[in-house]
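# Quick one, fold the following:
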Amino acid sequence: MKTITQYKIKYGMPSQSGSGYLTQIDLPYPMRLAWDRKVIVNKISCHRAIAPALRAVFEDILKTYGLPKIQELGIDLFGGCFNYRAMRGGSDFSVHSWGLAIDLDPERNLLKETSRTARFARPEYKAMIDIFYKHGFISLGREKNYDWMHFQWDRF
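A predicted model of the protein is given here:
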């Protein structure tokens, strides 16, 4: 798992606007904004370095699960990607500050939940998590048994 220092060395210091490194990807299926499910998300802003891989993640999730199952499982609940901020409980940058991480279904995969209660720790989500790994992302849930909503780029 990469450190924040490694992200700074590889990608430079993040900026509040994301100018110079953000791009948008079109999603292969509609997502819903986690905190207002009536809002449909068709595009995500992320770091240009991960745009093809992140798009491939969602294409593979769609092929694996199909849209009805994605919606049933809440895999379509978008919790954010680019967000210039410090890590929760810390003073250094969050990986979200570069647009190199994404959160899904945050309400049912809370920050401090462990595999005992987090939704994404259940067997029906294993394929989704494996897809993220296949494309260069890691799951903090799988790696550290907390923050199961969070997937971050780890291939560089």
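
# The spatially most central residue of the chain pairs with what?
Closest to where the C-alpha atoms of the chain average out (Cα atoms, centre = their mean) is residue 102, at 1.9 Å. Beta bridges link residue 102 to residue 151, judged by DSSP bridges.

# Thought residue 76 was touching residue 39, still the case?
No - counting by Cβ atoms under 8 Å, residue 39 sits too far from residue 76 to count as a contact (12.0 Å). The C-beta positions use only the backbone N, C-alpha and C, and glycine is treated the same way.

# Identify the contacts common to the two.
residue 32 (Cβ atoms under 8 Å, 6 or more residues apart in numbering).

# Neighbour count for those two, which is higher?
residue 76 (24 against 11; other Cβ atoms under 10 Å).

# contacting residues around residue 146?
With Cβ under 8 Å, 6+ apart, residue 146 has these contacts: 111-114, 140.

# could you redo the last one with a cut-off of 6 Å?
Going by Cβ atoms under 6 Å, 6 or more residues apart in numbering, residue 146 touches residue 112.

# The chain should start at 20 in everything you say after this.
Got it, the first residue is 20 from now on, which makes the last one we talked about residue 165.
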